[in-house]
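K.L.:
need coordinates for the below:
(chains A, B, C, D, E and F)
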There are 4 protein chains.
Amino acid sequence: MLEIPQDTDRLRRLPQQSRSQKRVTQILEAAARVFGKVGYEAASTTAIAKQAKTSVGSLYRFFPDKAAIFQALASFYMDRVREVFSEMLGSLNCDLPISSVIDQIIDTYYDDFLSQPGFRAVLLDYHFSPTATAIVENINREIEPYFEAFFAARAPEMEPEQIKLISMVTVEACCVLEFVSSQADETLRAKLRAEEKKLLVAYLKIYFPND
Amino acid sequence: MLEIPQDTDRLRRLPQQSRSQKRVTQILEAAARVFGKVGYEAASTTAIAKQAKTSVGSLYRFFPDKAAIFQALASFYMDRVREVFSEMLGSLNCDLPISSVIDQIIDTYYDDFLSQPGFRAVLLDYHFSPTATAIVENINREIEPYFEAFFAARAPEMEPEQIKLISMVTVEACCVLEFVSSQADETLRAKLRAEEKKLLVAYLKIYFPND
Amino acid sequence: MLEIPQDTDRLRRLPQQSRSQKRVTQILEAAARVFGKVGYEAASTTAIAKQAKTSVGSLYRFFPDKAAIFQALASFYMDRVREVFSEMLGSLNCDLPISSVIDQIIDTYYDDFLSQPGFRAVLLDYHFSPTATAIVENINREIEPYFEAFFAARAPEMEPEQIKLISMVTVEACCVLEFVSSQADETLRAKLRAEEKKLLVAYLKIYFPND
Amino acid sequence: MLEIPQDTDRLRRLPQQSRSQKRVTQILEAAARVFGKVGYEAASTTAIAKQAKTSVGSLYRFFPDKAAIFQALASFYMDRVREVFSEMLGSLNCDLPISSVIDQIIDTYYDDFLSQPGFRAVLLDYHFSPTATAIVENINREIEPYFEAFFAARAPEMEPEQIKLISMVTVEACCVLEFVSSQADETLRAKLRAEEKKLLVAYLKIYFPND
DNA sequence: TATGAATGAGACTTCATTCAT
DNA sequence: GATGAATGAAGTCTCATTCAT
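P.N.:
You can find the predicted model right below:
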């Protein structure tokens, strides 16, 4: 649902897709696929172009170099993440039990992001590709502030530092099963996801026992 | 303690290291450093050879190709992981509270494995490098059986499938903070580790409330 | 005065420049600038089109390929050179001392031709660009006949071969300072030009001592 | 005689040509040929490697990039020019008539340098190739000081500035026929060279009438 | 007819792998 | 057995040229 295509609800907002925008989108989608499959370093611009059903030349009309494609992809995801999380955590009914919140968040994060190989590639390559590291801010870092706000609302008396820590753990814990489940079958994935929710809820209950 | 060097207790035990073995060890250590710094793809065999203070030629006497080095490194870590975990989980006093067990396991896993860039590289590249993926079995999968045995001993009546699931989650959860903390400072790392222990213990208490 | 622009007296004479002719002129001017700055090989057709305030597409409507632009530019210069030299050497009063003739010729050659980067580019690239070499006749070769006629008039008894030789040397000598002076400042350029005139006059005095 | 080969008198001086030195020499000779044929921009590193009967890989072991090859070639020629001219002008008997000096100088300059396509390439590309321009000092500028010293010895009372000017003209005049004669046949070349000597001598006689 | 996006051959450069010394 | 120079396939990127709009 969050694939980069132009037919997304989210992207439909753009007035009308000019030829260029369509091309850029094609390339980013292709890049997501290729990076997702083999990683940044092993991804060749030719392969990306082929996936995008264009030529290298066209690709280079839009992106100065390979790193820029990665960066654009990362930026795209960051924007989506920011959008989705801010909307989700902002609009939550404050009386909702934490378990419901976690339920929704994990479902969204998995379905919209972690399930996409391109997103996973950005997450992983961040650790290595010198360019990538220089360019991409850890995407997860983007999400933390939303959790902080959310937790602060629940426990106004809690130390900000404490809240920050819990938020970090929460965010990271969201990725946990990503790595396990990447090769698992559908049924197992579902079970694992359920477990992950339990994991996170159990943890948060320590700090927010009444929610 | 788990650095690959030949001065390890473990390796020194070998009657006496032949010249070849020493050379292989050097190369693997070098590979761990280089893979750990730039990842599999960006690592060059020349760089590894230089780190190992040998020549590419020598390197290729021991390993047929770059993938083989990666594989050997992964195997090495797997063996260590198996050793350490089997020893640790096997020797645990069954009356030990789960929190203590988790405490020890996480400390060991972090200090002996995740703190090593080479180990992290294997973990990350496993997702991409086509060769690597083909070659390396998910290291974590190696650890699960030990947890299964451990949990089965605690809750003999539990469904094997259930146990398997809990083990998977437990193993994965051990990696959680790896990614967060890689750039964090010492103090923060310590705090995060403490949180991670809470996270896992809270989860396991669901299934083993009396431990 | 010899810049290629359409506002030249020479070109304005054309009944009225068709749109096409104007466009061709623009392109050639642009080509002169770009070739003059970076040379034939490094000049890109896009850069030429941009300089000419057209599109590559339009450029290719008039010229089949890059080499053709170079050729056209060279032809243009050759025509100008032929025009100017024939006029100059044809209209000279035969009683004029050789030094005055040289004076005028060198001034004209420098001011109208060699000072133009485009002309220099043609002269230099002639030696390399395989296409260019195949296409362009040595421009200087165009000028020789005029000198030959001129010298023959002065020394009717001289061997034609001898005259040919002197003409070649004369023509080449005109270029001499071009290369030195290209980076020199105004004052130095003037001095060098004066010396060049002396050089040539001294030489010609050998053969035409009374002129 | 000044071709870059290792069998030159000049280069023979090197104690013994190691494998590397031989390879570098091969590459530079090849570069001289290729640059000489098509110019810097149009010369491909592959073509140079092929000419040198090596692989691109080897070429890049010795030179970081194409520009470096050009630079090395230019440096080589500069060194030779400096050597040859300093030796020649330094060792000249001061009583020698100027015509003899010019005779020898022009012969040497032509036979040892200008006849070599590689040398001509360096001379020409100096005007264009941005890298080349940045790198190479105009070789001719190297020669001027030797002429200045030489002329100053002949006419101690002459203004230094005047001497500088004459030297510049002399050096440039040496190149004159280079361009004409590059496509001329043997006989014509000889004749042109003789004329060039006359040209220069006639000019210098203006300033040094008694020599 | 004018435009400039698209194409893809080919240039430069790197690096896994081989092999002569 | 050790070394590291040599090789060349493959990757990134540019630009002459074409063609749909």
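K.L.:
for the closest residue in space to A:Ser55 that isn't next to it in sequence, the count of nearby residues, please.
P.N.:
Leaving out its chain neighbours, the residue that sits closest to A:Ser55 by CB to CB, 6 or more residues apart in numbering or on different chains is A:Ala49, at 5.7 Å. No exception for glycine: its C-beta is placed from N, CA and C like everyone else's. For A:Ala49, the neighbour count with other CB atoms under 10 Å in any protein chain shown is 21.
K.L.:
quickly check: the helix or strand hosting A:Ala49 near DNA strand F or not.
P.N.:
Taking DSSP states H and E as the criterion, A:Ala49 maps to helix A:45-51. Yes. For helix A:45-51, a contact with DNA strand F is found by CB under 7 Å from any atom of the strand, at A:Thr45, A:Thr46.
K.L.:
just to revisit the earlier point, what sits against the residue nearest to A:Ser55?
P.N.:
With contacts defined as CB atoms under 8 Å, 6 or more residues apart in numbering or on different chains, A:Ala49 is in contact with A:Ile27, A:Ala30, A:Ser55, A:Val56, A:Ser58, A:Leu59.
K.L.:
from D:Tyr40, how far out is A:Tyr60?
P.N.:
Distance, A:Tyr60 to D:Tyr40, by CB to CB, to the nearest Å: 25 Å.
K.L.:
and the two? Which one has more around it.
P.N.:
A count of neighbours by other CB under 10 Å puts D:Tyr40 above the other of A:Tyr60 and D:Tyr40, at 26 against 15.
K.L.:
ramachandran coordinates for that one?
P.N.:
Dihedral pair for D:Tyr40: phi -60, psi -50, per degrees, to the nearest 10.
K.L.:
isn't it right next to D:Asp125, touching?
P.N.:
Yes. Assessed by CB atoms under 8 Å, D:Tyr40 is found in contact with D:Asp125 at 4.2 Å.
K.L.:
element containing A:Asp196, please.
P.N.:
Not Asp; residue A:196 is Glu. helix A:186-207.
K.L.:
so which bits of the helix holding A:Ala49 are buried?
P.N.:
With burial defined by 16 or more other CB atoms under 10 Å in any protein chain shown, the residues of helix A:45-51 counted as buried are A:Thr45, A:Ala47, A:Ile48, A:Ala49, A:Gln51.
K.L.:
mind picking the two most distant members of those?
P.N.:
A:Thr45 and A:Gln51 (10.6 Å; CB to CB).
K.L.:
quick check: residues of chain A near DNA strand E?
P.N.:
A:Arg19, A:Ser20, A:Arg23, A:Thr54, A:Ser55, A:Val56, A:Gly57, A:Ser58, A:Tyr60, A:Arg61.
K.L.:
let's go with 6 Å and repeat that
P.N.:
For chain A, the contact set with DNA strand E under CB under 6 Å from any atom of the strand comprises A:Arg19, A:Arg23, A:Thr54, A:Ser55, A:Val56, A:Gly57, A:Ser58, A:Arg61.
K.L.:
look up how far B:Glu144 lies from the fourth one.
P.N.:
As judged by CB to CB, A:Ser55 and B:Glu144 stand 47 Å apart.
K.L.:
higher neighbour count, those two?
P.N.:
The neighbour comparison of A:Ser55 against B:Glu144 (other CB under 10 Å) goes to B:Glu144, with 20 against 12.
K.L.:
who touches that one in this structure?
P.N.:
Neighbours of B:Glu144 in contact, by CB under 8 Å, 6+ apart: B:Lys164, B:Ser167, B:Met168, B:Val171.
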